[in-house]
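Give me the fold of what follows.
(4 chains)
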Number of protein chains: 2
Amino acid sequence: MDEAPARLRGKASWLINKTSLHAHRLRSEALAPVDAHGYHFAVLAALEEGEPASQADLSRRTGIDRSDMVEMVNELVDHGFVVRMPDQADRRRNVITMTATGRRRLAQLDDLLTQAQGELLAPLSAAERKQLLALLGRVLAYHAERSG
Amino acid sequence: MDEAPARLRGKASWLINKTSLHAHRLRSEALAPVDAHGYHFAVLAALEEGEPASQADLSRRTGIDRSDMVEMVNELVDHGFVVRMPDQADRRRNVITMTATGRRRLAQLDDLLTQAQGELLAPLSAAERKQLLALLGRVLAYHAERSG
DNA sequence: GGCTATCGTTGGCTTCGCCAACGTTGGATT
DNA sequence: AATCCAACGTTGGCGAAGCCAACGATAGCC
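Now for the predicted structure:
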């Protein structure tokens, strides 16, 4: 790509979107070799922090739509990373539990993603990376609070 | 959305992606009332910095695919913001020129996007906004250089 | 004159985030 | 107890975004 117009380079929406594309590409490249989906990490991470959980719980924590969560849990079950069982106390729900293999998978994906993050933020110093993540985190927290 | 897992909150790819979604939503909401597309601004901005230009030129500068550029120019022509003419010197190309109306449109979209940016970065101070844009700019410049 | 590259254009593909609807179940209200 | 409403998992589908392949036409190079 040639040099982008100054007007574009100053627009947050453009900067963030383009950066997001690079991040997505790097993430996909990092996860493809182990046949993983970005959502898998999100679900396992959410599960780790509150186990067991219903699919609706996981949806709320990850921001992944319930309907998409169904397929993600399917895949995780197929690989033996989680177990899905009907909730006896509330038969509308499924109880999702992580397996030992799932825990190892979570660690593996975390490693791969951390590595991909290193490539993404390569031009930044450690302090700057921290700064960037903090700023994004604050923006995100702000908007998460006012839109569910 | 409930509180996101710590593991997710620390992953750049997740933070950037989620932020990008908010940015995209705000941008769409800002531009919808005037029936504009985010790409329209990109094309007009690129055109402003180097006019006239071929569609391929605009593609390279904006990062928009040539095939998508066709439709964008169609729409801009329909609204009278740009003029498309065959290049006499190189008959493979089209010469795209901005009209006076197009220049006003560019200013209008810039205003709307600046406003949307204000909402997106609302929780940040002026200095922090500047910092965020600068960091993203550097990340972007780095990756733009090594992948065309 | 022949090879290669570029251009605009068409058509299509995949992913992603999202929404609507359904049947099932639980909880609250009356 | 009967009724109403909300939540759950699931299916199916939608639109936008980014991307790629291929084509005919044209230009430049050897």
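
does any part of the helix or strand hosting residue A:117 sit near chain B?
Using DSSP states H and E, residue A:117 maps to helix A:100-120. Yes. Using CB under 8 Å from any CB of the partner chain, helix A:100-120 reaches chain B at A:106, A:110, A:113, A:114, A:116, A:117, A:120. Placement of C-beta: from N, CA and C, glycine included.

next one: stretch A:74-85
No. Judged by CB under 8 Å from any CB, stretch A:74-85 stays clear of chain B, getting no closer than 14.7 Å.

so how far is the first residue of that stretch from its last?
12 Å (CA to CA, to the nearest Å).

Stretch A:30-39 now?
Using CA to CA, one end of stretch A:30-39 lies 13 Å from the other.

chain center to that stretch, what's the gap?
Relative to its chain's centre, stretch A:30-39 lies at 11 Å (CA atoms, centre = their mean, to the nearest Å).

likewise stretch A:31-43?
Taking mean C-alpha positions (CA atoms, centre = their mean), stretch A:31-43 and its chain are 9 Å apart.

And the average pLDDT for that stretch is what?
For stretch A:31-43, the mean pLDDT works out to 96.

Tell me if that stretch is near DNA strand D.
No. Figure legend: stretch A:31-43 not in contact with DNA strand D (CB under 7 Å from any atom of the strand); closest approach 12.4 Å.

for that stretch, which positions count as buried?
Buried residues in stretch A:31-43, counted by 16 or more other CB atoms under 10 Å in any protein chain shown: A:31, A:36, A:37, A:38, A:39, A:40, A:41, A:42, A:43.

tally of neighbours for the nearest residue to the fourth one once chain neighbours are set aside?
Same thing as residue A:38. In space, residue A:38 comes closest to residue A:27 once its chain neighbours are excluded; the distance is 5.5 Å by CB to CB, 6 or more residues apart in numbering or on different chains. Neighbour count for residue A:27, taken as other CB atoms under 10 Å in any protein chain shown: 26.

For my notes, confirm residue A:27 occurs in a strand.
No. Counting by DSSP: H, G, I helix; E, B strand; the rest coil, residue A:27 is not found in a strand; it is helix.

residue ranges of the helices in chain A, please?
Ranges of helices in chain A, per DSSP state H, are A:6-9, A:12-31, A:38-49, A:55-62, A:66-78, A:100-120, A:126-145.

Pick the most deeply packed of those.
Of all those, helix A:38-49 carries the top mean neighbour count, a mean of 23, counting by mean count of other CB atoms under 10 Å in any protein chain shown.

How about residue A:132: what's its closest non-neighbour residue?
Using CB to CB, 6+ apart, the closest residue to residue A:132 is residue B:135 (4.6 Å).

let me fix that: residue A:143
residue B:22 (4.7 Å).

before we move on, back to that, the residue nearest to residue A:38 and DNA strand C, how far apart?
8 Å (CB to the nearest atom of the strand, to the nearest Å).

Contacts only, for that residue.
Residues near residue A:27 by CB atoms under 8 Å, 6 or more residues apart in numbering or on different chains: A:38, A:113, A:116, B:13.

Just to check, the third one is in contact with residue A:26?
Meaning residue A:116. Yes. Judged on CB atoms under 8 Å, residue A:116 makes contact with residue A:26 at a distance of 4.5 Å.
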